[in-house]
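Asks: kindly return the folded structure for what I paste below:
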Amino acid sequence: MNARKIKIAASFAAATLALSGCNAGNAETPTQHPSKETPASPTKASPSPTPTPSNTNEYKPASAAGPAENVPVPKMPAEAQENTEKGATAFAEYYFELINYAVQSNDAEALKKVTSRECEVCGRSLIDPAGRAQLSGKWQVGGEHSYEVLDSYKSSKDKAIVSVRFEVAAAEFYIKPNELESSKKKRPLKVAALGMEYDSGWKVYIIDIEKPSK
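Replies: Below you'll find the predicted structure:
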């Protein structure tokens, strides 16, 4: 076991978690922007051509004008269903794709299905914010995670730890079209250790952010 794996294993043995610095647990307060009290333009009711099937489900990224539409739901690769080190690696990549999907769509149902209730930070920092944004009508532009798996290993027969280096893009938040409510700056590179357990499939039960070396 290399030094990184020993360090990660030791942090998990502590059985405590302090997650910070990312959409997957960022405690940073967004920069608030005053709302402009300009009346919204009325929507014209003029008829428009019925879209063809090829355009009906076309993906439209979020913008200041409105939230993302028809965001493609990530599909779990077959390898991510295997109880192996490679399977754990593939699942960790899939998990980050689900995080990005929740960021764009405010739909965390797929993420919830592969997250153990044991992972309090997963709920507090990933799943619950998406639900609140969905209820309030808030959407964000940006904020996706770029990631790279550094290493993984099976800590026991049905458990694995995967180390992922990631950064989070800058984001802007809106409730009304073209009225910036708040924003977050780009977050620097960090390393997260995903603790996962296998029971007919992988689930994340803990996420630990590696503290920077002094």
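Asks: surely residue 190 and residue 210 touch.
Replies: Yes: assessed by CB atoms under 8 Å, residue 190 is found in contact with residue 210 at 7.0 Å. From N, CA and C alone the C-beta is placed, and that goes for glycine too.
Asks: what's the pLDDT at residue 121?
Replies: Here, the pLDDT recorded for residue 121 equals 86.
Asks: let me fix that, I meant to ask about residue 18.
Replies: In this prediction, residue 18 carries a pLDDT score of 36.
Asks: repeat for residue 163
Replies: The model's pLDDT for residue 163 equals 97.
Asks: continuing past the host helix or strand of it, what's the next helix or strand?
Replies: Per DSSP states H and E, residue 163 falls inside strand 159-168. Sequence-wise, the next helix or strand downstream of strand 159-168 (DSSP H and E) is strand 171-176.
Asks: what comes up buried for whatever helix or strand comes next after that following strand?
Replies: Under the assignment DSSP H and E, the closest C-terminal helix or strand after strand 171-176 is strand 179-184. Using 16 or more other CB atoms under 10 Å as the burial criterion, the residues of strand 179-184 that qualify are 180-184.
Asks: in CSV, list the C-alpha atoms belonging to strand 179-184.
Replies: What follows is strand 179-184, C-alpha atoms only, in CSV (Å, rounded to 0.1, in the frame of the first residue of the first chain):
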residue,chain,number,x,y,z
GLU,A,179,-31.2,38.7,-12.5
LEU,A,180,-28.0,37.4,-10.8
GLU,A,181,-28.8,36.4,-7.2
SER,A,182,-25.4,35.2,-6.1
SER,A,183,-22.2,33.7,-7.4
LYS,A,184,-19.2,31.6,-6.3
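Asks: what's the angle between it and strand 171-176?
Replies: 150 degrees (axes from the mean of the first three to the mean of the last three CA atoms, to 10 degrees).
Asks: what are the boundaries of the helices in this protein?
Replies: 3-13, 53-56, 85-105, 109-113, 120-122, 128-136 (DSSP state H).
Asks: looking at those helices, which is closest to residue 151?
Replies: Closest to residue 151 of the helices of the chain, according to CB to CB: helix 3-13, at 6.3 Å.
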